[in-house]
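Engineer: Okay, here's the prediction I keep looking at, along with the sequence it came from:
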Amino acid sequence: MFRLWAKIWKENHMLRDTVIIDDREETRTHKVFQALDEVCLRFDLGKPIWLDSNIREFQRHAKTRFGQDSFIEQIPFDYLEFQIIEED
């Protein structure tokens, strides 16, 4: 079981959240990218760019934040938090 929790934050308040569940037999990387695609669809967002800092943080802690610098368009929130909460 692979579960990923995505949250949108503005001024230290969580505005929206969703959990993505993926039971497919895929690599962790494929599941992460598929989950990000699903989150962007659910929240009606453009896909963020994985900066080097996002990659390092995600590799270390299974969690990262995508701020304005990761999005091409303006976002009406402070950041999108992306965290794995369960994986086999």
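Structural biologist: Here it is on my side, so go on. Numbering: from 1, shown residues only.

Engineer: contacts, neighbours, all on C-alpha from now
Structural biologist: OK.

Engineer: what helix or strand is I8 on?
Structural biologist: strand 2-10 (DSSP states H and E).

Engineer: and the residue of the chain most remote from its centre, what are its phi and psi?
Structural biologist: Distance from the centre of the chain peaks at E25, with 20.2 Å (C-alpha atoms, centre = their mean). The phi and psi values for E25, taken as degrees, to the nearest 10, are phi -90, psi 80.

Engineer: where's it relative to F2, distance?
Structural biologist: Separation of E25 from F2 (C-alpha to C-alpha, to the nearest Å): 10 Å.

Engineer: Strands of this protein, residue ranges please.
Structural biologist: 2-10, 13-22, 63-66, 79-86 (DSSP state E).

Engineer: tell me the most buried of the ones you listed?
Structural biologist: Across those, averaging neighbours per residue (mean count of other C-alpha atoms under 10 Å) puts strand 63-66 on top, at a mean of 20.

Engineer: Direction included, what does that one pair against?
Structural biologist: When pairing is defined by DSSP bridges, strand 63-66 lines up against strand 79-86 (antiparallel).

Engineer: quick one: contacts of the partner strand?
Structural biologist: Strand 79-86 is contacted from outside by 1-10, 62-68, using C-alpha atoms under 8 Å, 6 or more residues apart in numbering.

Engineer: list the contacts for the closest residue in space to E87 that isn't next to it in sequence?
Structural biologist: Leaving out its chain neighbours, the residue that sits closest to E87 by C-alpha to C-alpha, 6 or more residues apart in numbering is F2, at 4.3 Å. Neighbouring residues of F2 by C-alpha under 8 Å, 6+ apart: I21, D22, D23, K31, I84, I85, E86, E87, D88.
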